[in-house]
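Q: 3D model of this:
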Amino acid sequence: ERKTGYFLIPYKKYFEDLNDLQNLDLEKEIADALQEWTDLLDRGARFEIADPKLLHCYHACIADLFVMREPIGDYMGIVSGTRFYRSSSACEPLASDILLDTLGYTEEAVTDYRMHFEGQDPDGCWLFSKGWEHEVWGLDYNKANAVLEHYYMTRDRDFLKTWYPRMFASARFNSKARASTKNALKKSERGLMPRGMGDCGMMNGGDYYGVFYPHNAMSVAADFKALEAARILNQTEDIAILEVLCEDAKQDLLRSVRENLYSFGDGVIMPAVAGVSASSIYGCMYPFFPAKLVSADEPMIKGAVKYIESKKQSEGGLPLGTGWMKDGLWIAMALGMIARSYLRLGLYKEARKYLYPALNHAS
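A: Below you'll find the model as predicted:
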């Protein structure tokens, strides 16, 4: 399908305002703006480290989240980019809102959450069919995780009660979707979410769509989050349903993954898709973190570390093969996925070696 659209860039408005702009007291405007930013950043959690440049990067990153926060229809939210990626999804924007919530910007985060949480189809699918996240199975984890993260930080039981029904409906939808593949022609796809969009720099050969293991791991983890919430709220009937569907989904996924591991050298790794050579190292840690479906001793996780560390590194010291392009770079994932997994594995030296290269690239 093709559609034609237009981006309206307000250059004309700039010229209309030019006379007023020329008469501004710019020194005062700059001083006032700087004070406004200082007050905003000081309102959040304080971050102290004996490295002024790193602290500067930290403040720049937090400020950027507010720069990217804007009205979206009747909602407020963070967008992924200023022009051609100017969308808000359950991916980077929601992760950013969870960060704001963590740093103490509770009011802003709660205001933004509503857009993501209300984006749900009548059948319970939380990957809103009219949104960017459509058919990227696994991004419902971001929504379910945000609900629980906010609850654990604030102990706001009413907040959890408000959004729990959407978590439960999502888990029921996922269960029905997996039931539709129980007799799939390909054994590797049985009991998994149907064909969906890869994202994460992953490919199914030359196809952006397929039955992707990393997304399935996150989808199962989302259902376990619903179970976690049900237990907090003492939803006895729901707990019984969720325990069965979560365990069933977990076993089907791990059976398929373990039967279709990708071998390299003396190790194994979870491929993006069964029968396809590893395309991107983005999601190879997902079953361990954040999905928490397997332990650190799982061969595929030990293999993932070996695989990542065996990859060529860029001139700046970042692992290659994290994006769509062969030997391409997805800078954020060196920290957001790989380093965060390493920290939980106790690989502190390996985790911190990516910090400065990522900041240098970003700046």
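
Q: Every contact and neighbour count from this point should use C-alpha atoms.
A: Will do.

Q: residues contacting the closest residue to D156 other than its chain neighbours?
A: Once flanking residues are discounted, D156 sits nearest to H150: 7.8 Å by CA to CA, 6 or more residues apart in numbering. By CA atoms under 8 Å, 6 or more residues apart in numbering, the contact set of H150 is 98, 101, 156.

Q: For the helix or strand bottoming out on mean pLDDT in the chain, what is the distance to the chain centroid?
A: The helix or strand of the chain with the lowest confidence, counting by mean pLDDT, DSSP states H and E, is helix 11-16 at a mean of 76. Remark: helix 11-16 is offset 37 Å from the chain centroid, using CA atoms, centre = their mean, to the nearest Å.

Q: same check, this time on stretch 341-361
A: Centre-to-centre, stretch 341-361 and its host chain are 18 Å apart (CA atoms, centre = their mean).

Q: Figure out the length between the terminal residues of it.
A: End-to-end distance of stretch 341-361 (CA to CA, to the nearest Å): 21 Å.

Q: show me what contacts H134?
A: Contacts of H134 (CA under 8 Å, 6+ apart): 127-128.

Q: distance of it from D199?
A: From H134 to D199 the distance is 11 Å (CA to CA).

Q: that older thread, filter the contacts of H150 to the buried ones?
A: Listed as buried from the contacts of H150 are 98, 101; burial here means 16 or more other CA atoms under 10 Å.

Q: Now do stretch 348-363: distance to the chain's middle.
A: Mean-position distance between stretch 348-363 and its chain equals 19 Å (CA atoms, centre = their mean).

Q: contacts for it?
A: Residues outside stretch 348-363 that contact it (CA under 8 Å, 6+ apart): 57, 316-318, 331-332, 334-335, 338-340, 342-343.

Q: top of these by neighbour count?
A: I338 (26 neighbours; other CA atoms under 10 Å).

Q: And the helices in the stretch 151-300 of the chain, which stretches?
A: 157-179, 213-232, 236-259, 299-310 (DSSP state H, counting those that start in this stretch).

Q: Pick the most buried one from those.
A: The highest average neighbour count among the helices of the stretch 151-300 of the chain, using mean count of other CA atoms under 10 Å, belongs to helix 213-232 at a mean of 25.

Q: now it: mean pLDDT?
A: In this model, helix 213-232 has an average pLDDT of 97.

Q: Where does pLDDT dip in the stretch 201-350 of the chain?
A: Across the stretch 201-350 of the chain, nothing is flagged by pLDDT under 70.

Q: Torsion angles phi and psi at the most centrally placed residue in the chain?
A: Central residue of the chain (CA atoms, centre = their mean): C91, 4.1 Å from the mean position. Phi and psi for C91, reported as degrees, to the nearest 10, are phi -90, psi -110.

Q: Now do the contacts for it.
A: By CA under 8 Å, 6+ apart, the contact set of C91 is 133, 139, 142.

Q: what's around K182, how many residues?
A: Residues contacting K182 under the criterion other CA under 10 Å number 16.

Q: Now for it: which residues touch it?
A: The contact partners of K182, taken as CA under 8 Å, 6+ apart, are 189-192.

Q: hmm, try it at 6 Å
A: By CA atoms under 6 Å, 6 or more residues apart in numbering, the contact set of K182 is 190-191.

Q: Could you pull out the strands in the protein for me?
A: Counting by DSSP state E, the chain has strands at residues 69-72, 75-78, 196-197, 209-210, 262-264, 267-269.

Q: Residues contacting the third one, please?
A: Translated: strand 196-197. Contact with strand 196-197 is made by 135-136, 208-210, as judged by CA under 6 Å, 6+ apart.

Q: 8 Å - rerun?
A: Contacting residues not belonging to strand 196-197 are listed as 135-137, 208-212 [CA under 8 Å, 6+ apart].

Q: same deal with the fifth one?
A: Strand 262-264 has contacts (CA under 8 Å, 6+ apart) with 268-271, 275, 277-278, 307.

Q: can you do 7 Å?
A: Applying CA atoms under 7 Å, 6 or more residues apart in numbering, the contact partners of strand 262-264 are 268-271, 277-278.

Q: how near is L345 to G265?
A: Applying CA to CA to L345 and G265 gives a distance of 22 Å.

Q: Among the two, which residue is more densely surrounded?
A: With neighbours defined as other CA under 10 Å, L345 and G265 compare such that L345 has more, 18 against 8.

Q: Who are the contact partners of that one?
A: Contact partners of L345, counting by CA under 7 Å, 6+ apart, are A296.

Q: Now with 10 Å, please.
A: Contacts here follow CA atoms under 10 Å, 6 or more residues apart in numbering; on that basis L345 touches 288-289, 295-297, 301-302, 305, 339, 351.
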